[in-house]
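Asker: heads up, no residue letters with this:
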Ligand SMILES: Cc1ncc(COP(=O)(O)O)c(C=O)c1O
């Protein structure tokens with residue numbers, strides 16, 4: 001019964017880790033889950049109230065397929081205000097989460113064999129979405145020495161006549177690394193020379209940056225490329241709205257129209273109530289973002305410092321998001337107290353879970369080993385306890 005196309009993909013490994021941690025917890029184990037990709041803060045009240053008001057006003061019907069005029073106007077204002085980008089409503093699309101927007105983009109543009117360059121480590125869904133759309137993901141490894149960022153020469157070398165998209169994700173899931181203006185310009189300079197290559201920039205973690213880091217997006221850094229850039233963003237992370245499922249993008253009108261066509265034959269409009277909430281998120285008070293960031297920054301510093309005291313681990317301090325991506329190279333080849341050899345980052349995270357009840361995600365899932373991802377979007381005291389346990393586990397390796 002099952003279509004062949006499904007044999008090309010796998011279930012999300014990050015969701016698998018969260019599920020396993022939940023199962024162990026339900027069975028009575030003391031587990032600290034560091035796998036989740038969502039803020040532990042609740043959706044701000046001003047946003048919830050806007051949703052309740054929308055329900056009371058009767059905004060409970062179908063809307064325009066790819067977004068209400070009110071939400072598109074709020075998105076145009078956001079792009080103008082925060083990114084210096086002028087998009088018209090017909091150059092903006094809204095989907096059920098950033099995930100649907102990406103999916104629409106690939107379904108609307110990829111022909112069999114079209115290549116999509118994906119800097120590794122990458123967010124787990126990019127390659128599988130490309131495969132579902134019959135494209136070819138081309139992973140380009142980005143080394144820890146360059147803070148997991150794509151080098152212009154590696155981009156140049158990866159481009160072929162079949163390259164259709166380059167995906168950029170800054171700040172990144174899973175590393176938290178973000179491109180400075182100069183680093184981004186070096187990449188857009190390469191793209192100016194390759195007219196067949198479009199850029200899909202996933203700016204989901206735009207607001208989650210620390211230490212005064214200045215976020216930049218490619219269309220702002222190189223306006224000459226704007227006609228071949230899809231600038232994707234969403235309310236899930238910065239506004240603590242993962243469950244509301246609203247993502248959006250700005251790009252050339254013909255692409256936006258094609259993406260709406262995909263959506264019109266799959267889900268139609270995103271939830272009308274969530275769209276009203278997203279208007280409030282983008283247009284209302286933004287002060288809670290800085291308050292959350294102060295907590296995230298403190299947690300990042302705590303986790304980086306504590307992990308760097310663990311034998312065998314080495315953790316770089318990222319600019320943003322709520323992840324760190326430590327190397328566990330020094331643990332590979334060692335033996336656990338019950339005599340198992342750690343051969344991979346998968347073995348390492350299994351050991352952390354079994355020996356100490358700490359759930360992290362193996363780097364293999366993100367396309368660069370031997371590393372693992374920790375999400376620090378969890379209570380500070382749980383993070384402290386998790387770091388104590390990780391250190392104990394590393395010290396017990398021989
Ligand atoms: C880099 C990145 N892009 C996109 C998404 C999807 O966001 P949404 O929950 O809005 O679908 C995520 C969620 O984890 C992400 O980490």
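Answerer: Cool, got the structure. All of these numbers come straight from a predicted model, not from anything done at the bench.
Asker: contacts and neighbour counts: CA atoms only from here.
Answerer: Noted.
Asker: could you list the residues in contact with the longest helix belonging to the chain?
Answerer: For the chain, the helix with the greatest residue count under DSSP state H is helix 287-307. Identification of contacts with helix 287-307 by CA atoms under 8 Å, 6 or more residues apart in numbering yields 41, 44, 207-210, 238-239, 313-317, 322-324, 326, 376-377, 380, 383-384, 387, 390-391.
Asker: among those residues, which are located in helices?
Answerer: Mapping the contacts of helix 287-307 onto helices (DSSP H) picks out 380, 383, 384, 387, 390, 391.
Asker: so which strand or helix has the residue lying closest to residue 197 once chain neighbours are set aside?
Answerer: Leaving aside its chain neighbours, residue 197 sits nearest to residue 164 (4.9 Å; criterion: CA to CA, 6 or more residues apart in numbering). Residue 164 belongs to strand 163-169 when elements are defined using DSSP states H and E.
Asker: show me what that strand is packed up against.
Answerer: Judged by 3 or more CA pairs under 8 Å, 6 or more residues apart in numbering; DSSP states H and E, strand 163-169 is in contact with strand 115-120, strand 198-202.
Asker: and the gap between the residue nearest to residue 341 when sequence neighbours are not counted and the ligand?
Answerer: In this structure, residue 341 finds its nearest non-sequential neighbour in residue 335, 4.4 Å apart by CA to CA, 6+ apart. Applying CA to the nearest ligand atom, to the nearest Å, the value for residue 335 to the ligand is 33 Å.
Asker: so residue 335 is in contact with residue 398, correct?
Answerer: Yes: judged on CA atoms under 8 Å, residue 335 makes contact with residue 398 at a distance of 5.1 Å.
Asker: so between the two, which is more surrounded?
Answerer: More crowded of residue 335 and residue 398, by other CA atoms under 10 Å: residue 335, with 15 against 12.
Asker: show me what contacts that one?
Answerer: Counted by CA under 8 Å, 6+ apart, residue 335 has contacts 341, 342, 397, 398.
Asker: ok, residue 242 next?
Answerer: For residue 242, the contact set (CA under 8 Å, 6+ apart) comprises 38, 97, 235, 236.
Asker: any idea which of the contacts of residue 335 is the one closest to the ligand?
Answerer: Taking CA to the nearest ligand atom as the measure, the ligand lies nearest residue 342 of the contacts of residue 335, at 28.0 Å.
Asker: returning to that earlier point: ok, now how distant is the residue nearest to residue 197 from residue 196?
Answerer: The gap separating residue 164 from residue 196 is 6 Å, by CA to CA, to the nearest Å.
Asker: three-state assignment of the residue positioned nearest the centre of the chain?
Answerer: With distances taken as CA atoms, centre = their mean, the chain has residue 173 as the residue nearest its mean C-alpha position (4.2 Å). Following DSSP: H, G, I helix; E, B strand; the rest coil, we place residue 173 in the coil state.
Asker: report the contact partners of the closest residue to it other than its chain neighbours.
Answerer: Spatially, and ignoring its direct neighbours in sequence, residue 173 is nearest to residue 123 (5.5 Å; CA to CA, 6+ apart). Going by CA under 8 Å, 6+ apart, residue 123 touches 172, 173, 174, 366.
Asker: got those as TSV, with pLDDT columns?
Answerer: Shown next, in TSV, are the contacts of residue 123 (pLDDT from 0 to 100):
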residue	pLDDT
172	98
173	98
174	98
366	96
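Asker: quick check, nearest of these to residue 31?
Answerer: Ranked by distance to residue 31 (CA to CA), those are led by residue 174 at 21.3 Å.
Asker: the closest residue to the ligand within the stretch 251-398 of the chain: how many residues sit nearby?
Answerer: Scanning the stretch 251-398 of the chain for the residue nearest the ligand gives residue 321, at 8.8 Å (criterion: CA to the nearest ligand atom). The tally of other residues near residue 321 (other CA under 10 Å) stands at 33.
Asker: test my guess that it contacts residue 169.
Answerer: No: the pair residue 321 / residue 169 is not scored as a contact, 10.6 Å apart, by CA under 8 Å.
Asker: follow-up on the earlier one: now do the phi/psi pair for the residue nearest to residue 341.
Answerer: As for residue 335, its main-chain torsions (degrees, to the nearest 10) stand at phi -110, psi 140.
Asker: what of residue 242?
Answerer: Dihedral angles of residue 242 (phi, psi; degrees, to the nearest 10) stand at phi -60, psi -40.
Asker: report pLDDT for it.
Answerer: At residue 242, the model reports a pLDDT of 97.
Asker: repeat that for the one 5 residues further on.
Answerer: At residue 247, the pLDDT value in this model is 98.
Asker: which ones are touching it?
Answerer: Applying CA under 8 Å, 6+ apart, the residues contacting residue 247 are 94-101, 232-236.
Asker: so which of the residues you listed belong to helices?
Answerer: Secondary structure from DSSP H places 97, 98, 99, 100, 101 of those in helices.
Asker: okay if I get those as TSV plus neighbour count, pLDDT and distance to residue 214?
Answerer: Below are the ones in helices among the contacts of residue 247 laid out as TSV (neighbours: other CA atoms under 10 Å; pLDDT from 0 to 100; distance: CA to CA, whole Å):
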residue	neighbour count	pLDDT	distance to residue 214
97	21	98	25
98	24	98	22
99	19	97	25
100	21	98	27
101	27	98	25
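Asker: with that, I have no additional questions.
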